[in-house]
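> starting from these lines, generate the structure:
(2 chains)
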Amino acid sequence: MDDLLREFVTETHESLDVVDVELVRFEQDPNNAKILGNVFRLVHTIKGTCGFLGLPRLEALAHAAETLMGKFRDGQPATSEAVTLVLATIDRIKRILDTLEREQREPEGADEDLIGELDRMAERLPPAAAITEEPQYTVGKLTPQVLERPLRPGEDTLDDLERAFRATAVEPPAAKTAKSAGEPAKDEEAGKTGNQSIRVTVDTLEKLMTMVSELVLTRNQLLEIVRRHEDSEFKAPLQRLSSVTAELQEGVMKTRMQPIGNAWQKLPRIVRDLSNELGKQIDLEMQGAETELDRQVLDLIKDPLTHMVRNSADHGLESPAERRAAGKPEHGRIRLSAYHEGGHIIIQVADDGRGLNTERIKAKAIAQGLVSEADADKLSEAQIHKFIFAPGMSTAAKITSVSGRGVGMDVVRNNIDQIGGTIDVKSVAGVGLSFTIKIPLTLAIVAALIVEAAGDRFAIPQISVVELVRTRAGGEHRVERIKDTAVLRLRDKLLPLARLSQLLGVDNEPGDIETGFIVVTQVGSETFGIVVDGVFHTEEIVVKPLSSKLRHIAMFSGNTILGDGSVIMIVDPNGVAQSLGSMVSGQMDADNAADARHTAGEETTSLLVFRAGSSQPKAVPLALITRLEEIDARKIELSNGRHMVQYRGQLMPLVSMNDSVRVKGEGAQPLLVFSDGARSMALVVDEIVDIVEDRLDIQVGGDNSGVLGSAIIKGQATEIIDVGHFLPLAFEDWFRKKEQSARARRSLLLIDDSPFFRSMLTPVLQAVGYDVTAAASAPAALAMLNEGRAFDVIVTDIEMPEMSGFEFAERLRENSRTAETPIIALSSVVSAEAVERGRQVGFHDYVAKFDRQGLIAALKEQTEIGRAA
Amino acid sequence: MNPDSAQQKLTEYVTATIGGHLFGLPIVRVQDVFIPERLTRVPLAPPEIAGVLNLRGRIVTLVDLRRCFGLDQAEAGAAAMAIGVESRGESYGLLIDSVGEVLKLNESAREPNPINLDARLARMSAGIHRLEGQLLIVVDVDRVLDIGPGALAA
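Sure thing, here's the model as predicted:
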C-alpha cells in the first residue's frame, strides 16, 4: 500500500503541474478542445485513483472540478472566474497531497466551501445538452436503488450510476467506429501517453553512477597492467571494454540531465495569477525550455527564477494605463530564455517594464549605509543597480503580497553563488530590465587541473584557471619578493602569490617560491597566483561532496576519486582568495565597496618603500618600476667615470639617488630597474623596505631635485621620488634621442587634478615624444581649448572634483573643433561598466592609471590613426 | 535504554583492540571490516580525521580512534584495520589495531563507566563489560563521530 500511495502522490503532483499549465493555456485559447480534453482526462484520472485508494476528500474535490470542466467541454464559455476556481481547487488538492505524503493519510477538514462554489458555478451555467439527451439511451426498466448510507459529497446516486451504466452499454459500437475512422488521432494519443519512459528514483541513478565510477577505476587498472605487457591477448577485448565503459559513463551522466523547462513549469500559472491580482496583462514567453542541465543545478535555480519572474510582474511591468501613457503596448512581456554557451548555461529573465528606479536604489543604499551620499553621486547607474543584490534592498515602494517581503535579490544571488554561477543586471529606464545568469552545466563533473603540493595531489577546477606560468631563477617570469610578500610580474600586472602547501598548512620545507609552477587563477575580477610544486594533467573529475566532518574547511569544495583510484581534495579558488586576504574578493559587495572607495578620491596606490642615503624612507609607485634586482656588488664596473652593470646582455647605467648613496663595494646591491623600450637604468638604493598600499597624497612639495614631495605613508613622512628626474641622468639623450626620432612632435593635453600624476606623467610622455601641456582641472583645459589652442591628443583623468572626465569628453564632442580629437581616459577604476560609459561619451581608449605601457601604446595607436586619416 | 526489556536482551559486539585495550562496537552499526589502503591525508582537518580513501567507489572518512580516545599514537608502519560504519548517509572507517571476534553479551551485565575514566574515553564509551580476564569498553559510535570544528574544544 505504501508504494502504491507514494506512486500516486508523485504521479498526481506531476499531473497537477500539467493541469496548471494547460488550464492557463485553455483560458487564453478557449476553443481548443484538445487542451481541455487533456485537462479533463488528467483530473478524471486523479478522481478515479482517489476513489480506488479510498481518499474521499480528494475524490470529492476532483469530482466537483471535473463537473465544472465538463460544462466547458459541453461548450460553455470558460470564464476567468471559473478557471480561477478550478485552479483554487487544484491548489487545495496539492495541499492535501502534501499532508498525505507526510502522514500517509488525508488531513482532517472539509472542502464544502470550494465544492459548494464549484457546484454553484456549474449550476449557473445552463445545463448541457448531453443531459437532456440522456433518456434516449436509457432502455429497460429502472429499479429504484437504495444505498445504506448517506451520500458523500461528489458521489453519484446508485440510480445515476445505473443510468450511466446503461448509457455506456450502448456506446461501445460507436466508439469502435470512431477509432477505426481516426487512426492517426489514436497514434498521436498513444505517442503522448505511452512516451516510452519509466520512473526511476534518484537513489537508483546515484547508485548506478557510483557503480560506473567503480567500473571506470577497474578498467583503468586493467589498462595499466596491459600497458606493462607488450603483446597481450587481452589488448583487443580490453579496448572494447574501455570504449563501452566510456559510453556507459556518458549514458549515466545523461540521466542526470533535465530540461530547464522543468523549472519553468509553474511559471505560467504564477504569472496568470499575478496578472489577475495586479490587474496587469502579462505575456510570458519561454525560449529554450529544452536546454538541459544537471538535476542538482536545476533544483537550486528553480526558486531564484520564480522570484525574478514575480518581481518582473509585480514591480517591473507597469499597469495597462501607465503603459498606454508611455506609448507601449498594453500587454507587458516577460521573456525567459536559456541556451548553452561553452560549458555554461545562460539564462535570461527580461521584461519590457519601467526598469530599475536608480534614484530609489541609491536612496535606499545610502539609508542602509552601503555607500555614503558623496560616494553614491559618483557611481555610475550600472554600479548603483548592483546594489539590488545587497541584503535588505527591497525597493518596492509599497509592500504587496507578491513580492517586497524583505527577501529579495540577495537570496537569489546567494543561490546562484552556491552553484558557482554569476548574475548580472541591465536596466534601461522606461524600456525594461534584464537579468543574465551564467551557471555551470553540471556540478557533478568538472574539468580540473591536477597539481602537486607538499607531496600530495590536489585538483583545481579548470574553470577558474587562467594560465600556467613556469618560474625559474633567471627565467622570463620571475618571482620578486618584497619582505614577506611574493609577487609575480606578468605582462605589467602584479600578481599576489601564495604557496598552496602554505595555505594548507602542510609546508614541509620552507617555501622555495622561486622555482615551481604558478597557477594563475581568477575569482570574480581578481587574479592571483597559486604556487604548486608540480602540474600533472587535466582530468574530468566527478565531484563528490565532502564529508560533513570536513565541510568547514573553506580551502576545499569537494573531493574526487581519480582514475588510479586514489581520493584527492578539490581546491576551492574562492577559499584561496579569501585567505589571501581582503585584497582579493569575488564578492560583488566588495567590488562595489572598492569602486566606491576609488571614486571617493581615496584611491590607494602600491608604493615601494626603500631607503637611500638617509634614514627617511623614500617611495616610488610600484607600477613605474620594471624590476627589483639584487646584484653582486663585484659585478659593478666603472666605465668612463660611471657605474655600470652588465644586465641581460647590455650595459645598464647605475644612478645614485643622491651623493650620500654609495655604490657598495661588496655584498648584494639592491637596485630599482626602470625600463623604457630597450633601455634600462637602475637606481641604486641602500635597502628595499616594503611594498605598501596607501593613499598617495603629496602634502609638501619638494625642493630637492629628484623629489616630488613628501607624503605620509603608513604613518611615516616619506619622500616620493621623481623618476623623470633620474632617467636623463642615466642617458643624457634619454629624452633628446626620442625628440630627434619623432619627425614632428605631437602636442598632448594632460588633465589630472593630482599634482603628483601631472608631474609623474609629464616626463614619461615627453620621453616618448609629446609636447605635454598639463591642466589641473577640466574647466581649465576647456578654457585653454576655447582660447584656440589645439592638441593632437588629450589624456584625461576620470575622477576629478569640478568636472568629471566623462562630462569633459561630452563637452569636447559638442564642440565641432574638438570633436575629432582623440581622447584617452585614465582611471583607477577599470570596470566593464566604466569602459562602456567611456565609449558612449566618446573616449577612444580607456587605460588604467598606472599602466604606463598601456598608455603609451594607446597614444601611439590614436595619434597614428589621426595621422593616417 | 529500557531496563525491563534489557534484562534478557543480548547484544552482539564486534571486538577490536586499540593500543592493548579491548573495545566492542554494536554489530548492528558495523558495515564491514577493511584494511585501509591509499589513504589521502586532508590538510586543515580536525586531528581525529586520519584522512579519506576510496572504498569500492565510495569516499570513506577515516577516524583515528587512538586520537579520539586520547591513547598513544601507534608506531609508524604498524598494521592497521578499519571498521566501516555509516552515519547520516555518510561512510566512515574507524581505525583500529586489529579486529577480534563477535561476542554476545547480556545488556544487564553492562556497567556504567567508572567515574575516574579518562574524560575523552568516557565521552565515547557507553559502558563497560567485565569479561574473563579483560574489560570490554563499549564504543558509542555516534559520540565518536561527533567531531568537527565545534567539538574540537572538548
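> only C-alpha atoms for contact and neighbour calcs from this point on.
Fine.
> can you list the domains in chain A?
Domain assignment for chain A by automatic domain parsing gives A:2-194, A:202-255, A:259-440, A:447-474+A:500-594, A:601-730, A:736-868.
> nearest to residue B:132, out of those domains?
domain A:447-474+A:500-594 (37.4 Å; CA to CA).
> how about the residue nearest to residue B:134 when sequence neighbours are not counted, phi and psi?
Distance criterion CA to CA, 6 or more residues apart in numbering or on different chains; nearest residue to residue B:134, sequence neighbours excluded, is residue B:22 at 7.6 Å. Dihedral pair for residue B:22: phi -100, psi 130, per degrees, to the nearest 10.
> next, count neighbours for the residue in the stretch 551-700 of chain A that chain B sits nearest to.
With CA to the nearest CA, the shortest gap between the stretch 551-700 of chain A and chain B falls at residue A:567, namely 5.6 Å. Counted with other CA atoms under 10 Å in any protein chain shown, residues neighbouring residue A:567 total 26.
> any low-confidence regions in the stretch 401-550 of chain A?
The stretch 401-550 of chain A contains residues with pLDDT under 70 at A:401-407, A:418, A:420, A:441-445, A:472-476, A:482-484, A:492, A:508-515, A:524-525.
> contacting residues for the residue most central in space within chain B?
Central residue of chain B (CA atoms, centre = their mean): residue B:139, 5.2 Å from the mean position. Neighbouring residues of residue B:139 by CA atoms under 8 Å, 6 or more residues apart in numbering or on different chains: B:23-26, B:124-127.
> how does it look with 6 Å?
B:24-25, B:125-126 (CA atoms under 6 Å, 6 or more residues apart in numbering or on different chains).
> I'd like those residues as CSV, with pLDDT, neighbour count and distance to residue A:773 appended.
Shown next, in CSV, are these (pLDDT from 0 to 100; neighbours: other CA atoms under 10 Å in any protein chain shown; distance: CA to CA, whole Å):
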residue, pLDDT, neighbour count, distance to residue A:773
B:24, 94, 25, 88
B:25, 94, 24, 85
B:125, 89, 22, 83
B:126, 90, 19, 86
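> looking at those, spot the one nearest residue A:213.
Closest to residue A:213 out of the contacts of residue B:139 is residue B:25 (30.9 Å), distances taken as CA to CA.
> pretty sure that closest one sits against residue B:12.
No: counting by CA atoms under 6 Å, residue B:25 sits too far from residue B:12 to count as a contact (8.3 Å).
> give me the phi and psi for residue 93.
Chain wasn't specified; assuming chain A. Torsion angles, degrees, to the nearest 10, at residue A:93: phi -60, psi -40.
> and for the closest residue to it other than its chain neighbours, the neighbour number?
Counting by CA to CA, 6+ apart, residue A:93 lies nearest to residue A:58, which is 6.3 Å off, once chain neighbours are set aside. As a burial measure, residue A:58 scores 23 neighbours (other CA under 10 Å).
> just checking, what packs against the helix or strand hosting residue A:487?
Using DSSP states H and E, residue A:487 sits within strand A:485-490. In terms of contacts (3 or more CA pairs under 6 Å, 6 or more residues apart in numbering or on different chains; DSSP states H and E), strand A:485-490 is packed against strand A:479-482, strand A:493-499.
> how far off centre is the helix or strand just after the longest one?
Just to be clear, that refers to strand A:493-499. Downstream of strand A:493-499, the next assigned helix or strand under DSSP H and E is helix A:500-503. Centre-to-centre, helix A:500-503 and its host chain are 28 Å apart (CA atoms, centre = their mean, to the nearest Å).
> now do the nearest residue to residue A:44 once chain neighbours are set aside, the pLDDT please.
Once flanking residues are discounted, residue A:44 sits nearest to residue A:66: 6.7 Å by CA to CA, 6+ apart. We have a pLDDT of 81 for residue A:66.
> how about residue B:127?
Residue B:127 carries a pLDDT value of 91.
> same thing with residue A:160?
For residue A:160, the predicted pLDDT is 60.
> and for residue A:763?
Per-residue pLDDT puts residue A:763 at 72.
> and what of residue B:130?
In this model, residue B:130 carries a pLDDT of 90.
> could you count how many residues lie near it?
13.
> pretty sure it sits in a helix.
No: counting by DSSP: H, G, I helix; E, B strand; the rest coil, residue B:130 is not part of a helix but strand.
> how about the nearest residue to it, chain neighbours excluded?
Using CA to CA, 6+ apart, the closest residue to residue B:130 is residue B:136 (6.4 Å).
> find the nearest non-adjacent residue to residue B:82, please.
Closest residue to residue B:82 apart from its sequence neighbours, by CA to CA, 6+ apart: residue B:95 at 4.4 Å.
> how would you label residue A:385: helix, strand or coil?
Strictly by three-state DSSP, residue A:385 counts as helix.
> from residue A:435, how far out is it?
Distance from residue A:385 to residue A:435, counting by CA to CA, to the nearest Å: 11 Å.
> the two: which is more packed in?
Shown here are residue A:385 and residue A:435; by other CA under 10 Å, residue A:385 has more neighbours (20 against 17).
> could you check how far the residue nearest the centre of chain A is from residue A:389?
Geometric centre of chain A, nearest residue: residue A:422, 1.2 Å, by CA atoms, centre = their mean. Distance of residue A:422 to residue A:389, given as CA to CA: 12 Å.
> what's downstream of the lowest-mean-pLDDT helix or strand in chain A, the next helix or strand?
In chain A, no helix or strand scores lower on mean pLDDT, DSSP states H and E than helix A:588-599, which sits at a mean of 38. Using DSSP H and E, the helix or strand that follows helix A:588-599 in sequence is strand A:604-611.
> what's that next one packed up against?
Judged by 3+ CA pairs under 6 Å, 6+ apart, strand A:604-611 is in contact with strand A:618-621, strand A:687-695.
> paired strands for that strand, with orientation please.
For strand A:604-611, the paired strands and their directions (DSSP bridges) read strand A:618-621 (antiparallel), strand A:687-695 (antiparallel).
> rewinding a little: right, and the helices and strands packed on strand A:485-490 - which one's nearest residue A:88?
Among those, strand A:493-499 sits nearest to residue A:88 (CA to CA), with 58.9 Å.
> quick check: buried residues in that closest one?
Neighbour counts over strand A:493-499 (16 or more other CA atoms under 10 Å in any protein chain shown) mark A:494-499 as buried.
> of the residues you listed, closest to residue A:718?
Nearest to residue A:718 among the buried residues of strand A:493-499: residue A:494, at 22.9 Å, using CA to CA.
> neighbours of the residue nearest to residue A:44, how many?
For residue A:66, using other CA under 10 Å, the count is 21.
> and it, helix, strand or coil?
Three-state call for residue A:66 (three-state DSSP): helix.
> could you check how far it is from residue A:42?
10 Å.
> who touches stretch B:85-102?
B:13-18, B:29-31, B:60-65, B:80-84.
> surely residue A:69 forms part of a strand?
No: counting by three-state DSSP, residue A:69 is not found in a strand; it is helix.
> quick one on the thing from earlier: out of the helices and strands packed on strand A:485-490, which comes closest to residue A:462?
Once these are compared by CA to CA, strand A:493-499 is nearest, at 18.1 Å.
> give me the angle between the closest one and strand A:485-490.
Here strand A:493-499 points in a direction 130 degrees away from that of strand A:485-490 (axes from the mean of the first three to the mean of the last three CA atoms, to 10 degrees).
> okay, and residue A:750 sits in which element?
Assigned by DSSP H and E, residue A:750 falls within strand A:746-751.
> helices of the stretch 101-250 of chain A, residue ranges please.
Listed in chain order, the helices of the stretch 101-250 of chain A (DSSP state H, counting those that start in this stretch) span A:112-124, A:129-133, A:158-170, A:172-181, A:183-194, A:202-228, A:235-255.
> pLDDT on the fifth one, on average?
For helix A:183-194, mean pLDDT rounds to 43.
> re earlier: I'd like the helices and strands packed on strand A:485-490 as CSV, with distance to residue B:109 appended.
Listed next are the helices and strands packed on strand A:485-490 as CSV, based on distance: least, CA to CA, whole Å:
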stretch, distance to residue B:109
strand A:479-482, 68
strand A:493-499, 56
